[in-house]
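*Asks:* heads up, no residue letters with this:
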């Protein structure tokens, strides 16, 4: 009887290990659950002290302040001028079309960006639009700023749409803003770059903010090795070309100031000096909310906060290492044997406790 039960437990463990080997995606949900639990309960890494969110909030959209959205480009130009003491400014607003609210606004914004020299803009990856001749010219200007990837890849580079040409040329860097959620809609990982068939690395927006903040060349960050990024003297491992986001905390973790206060000169330069600034929407009517791996109200945060967490992951947080499918394959038979041994030596309740402890150890592995 004991031998048969041992054989059964071992068979089940090996069968699950075989499934994990042949169909690793079938264990993606347990992996995501382990990540969520580790993120919720592990000690939060301290945020980078220099990260500051300049929020496009409800106050800023008041008619007595900067008015309804979208804003004239001259508003962003003055914001950039006010943020001159910042180490880098990430403007988390897509500027893919010419501004029509103020003639000359695009040129004014481009001049402000050139004066600052460290403004990062987001690009978009088009899904269902035909790229125009103007879009091709923007892409050519964008490509001139890029560094090499570790090796060529299959990215459809024609679908990358940078900002309008004067802003692309004036930017300190440009990166794609698109993030891909997991099957349950939560954002746990990012793809730092796409490798194009031209051998160039087409980078993520938040990664470029971190790179400019670290005064680092693109080749050093993206091309050092295929399995990791190198930024600010840190090595951050990649898994299946993605990096886990090491969240600093739930929504509201990073300090914020209103864009209206910055624009109006009510935020002193000492509060901005040396900061990594991200400008992005938090106003209720702009609907830029993304699910994050936290429970309750903290489980939804603004897109600019997600990008702030990516920057923090790259520059300060302890990297999260994906041990790969081998850890799952080896652990499943071992957990089955643990359950069998505890049943025969300690009883079923001890077996259940042992399995729970084993599962928590696996979760801790991800944390």
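*Replies:* Arrived safely, thanks for sending. What you see is a predicted model, and the numbers here were worked out from it, not measured in a lab.
*Asks:* low-confidence ranges in the chain?
*Replies:* 1-34, 36-38, 42-47, 128-130, 296-298, 321-367 (pLDDT under 70).
*Asks:* all helices for it, in order.
*Replies:* Taking DSSP state H, the helices of the chain run over residues 2-22, 28-41, 58-61, 73-82, 105-116, 133-143, 165-170, 205-213, 218-222, 259-263, 269-272, 303-315, 325-346, 348-366.
*Asks:* nearest residue to residue 139 other than its sequence neighbours?
*Replies:* residue 160 (6.0 Å; CB to CB, 6 or more residues apart in numbering). Just so you know, the C-beta spots here come from the backbone N, C-alpha and C atoms, and that holds for glycine as well.
*Asks:* For residue 57, give me its contacts.
*Replies:* Residue 57 makes contacts with 256, 258-260, 282-283, as judged by CB atoms under 8 Å, 6 or more residues apart in numbering.
*Asks:* 6 Å instead, please
*Replies:* For residue 57, the contact set (CB atoms under 6 Å, 6 or more residues apart in numbering) comprises 258, 282-283.
*Asks:* next one: phi and psi at it?
*Replies:* Main-chain dihedrals, residue 57, degrees, to the nearest 10: phi -100, psi -180.
*Asks:* coming back round to it: out of the contacts of residue 57, which sit inside strands?
*Replies:* Among the contacts of residue 57, DSSP state E puts residue 258 in strands.
*Asks:* Quick one: which of the contacts of residue 57 is the most crowded by neighbours?
*Replies:* Among the contacts of residue 57, residue 282 has the most neighbours (other CB atoms under 10 Å), with 25 neighbours.
*Asks:* hey, what's the nearest residue to that residue once chain neighbours are set aside bridged with?
*Replies:* Excluding its sequence neighbours, the residue lying closest to residue 282 (CB to CB, 6+ apart) is residue 55, at 4.2 Å. With DSSP bridges applied, residue 55 shows beta-bridge pairing to residue 258, residue 280.
*Asks:* Number of residues surrounding residue 55?
*Replies:* 24.
*Asks:* need the contact list for the residue nearest the centre of the chain.
*Replies:* Nearest to the mean C-alpha position of the chain, counting by CA atoms, centre = their mean, stands residue 310 at 4.1 Å. By CB under 6 Å, 6+ apart, the residues touching residue 310 are 190, 206, 245.
*Asks:* who wins for most neighbours among those residues?
*Replies:* Tallying neighbours with other CB under 10 Å puts residue 206 at the head of these, with 29 neighbours.
*Asks:* Can you tell me how far the residue nearest to that one when sequence neighbours are not counted is from residue 79?
*Replies:* Ranked by CB to CB, 6+ apart and with sequence neighbours excluded, the top spatial neighbour of residue 206 is residue 310, at 3.7 Å. Relative to residue 79, residue 310 is positioned 22 Å away (CB to CB, to the nearest Å).
*Asks:* now do residue 53
*Replies:* From residue 53 over to residue 79 the distance is 13 Å, taken as CB to CB.
*Asks:* show me the contacts for the nearest residue to residue 177 once chain neighbours are set aside.
*Replies:* Nearest non-adjacent residue to residue 177, counting by CB to CB, 6+ apart: residue 122, 3.6 Å away. Going by CB under 6 Å, 6+ apart, residue 122 touches 94, 177, 205.
*Asks:* Quick one, which of those are buried?
*Replies:* With burial judged by 16 or more other CB atoms under 10 Å, the buried subset of the contacts of residue 122 is 177, 205.
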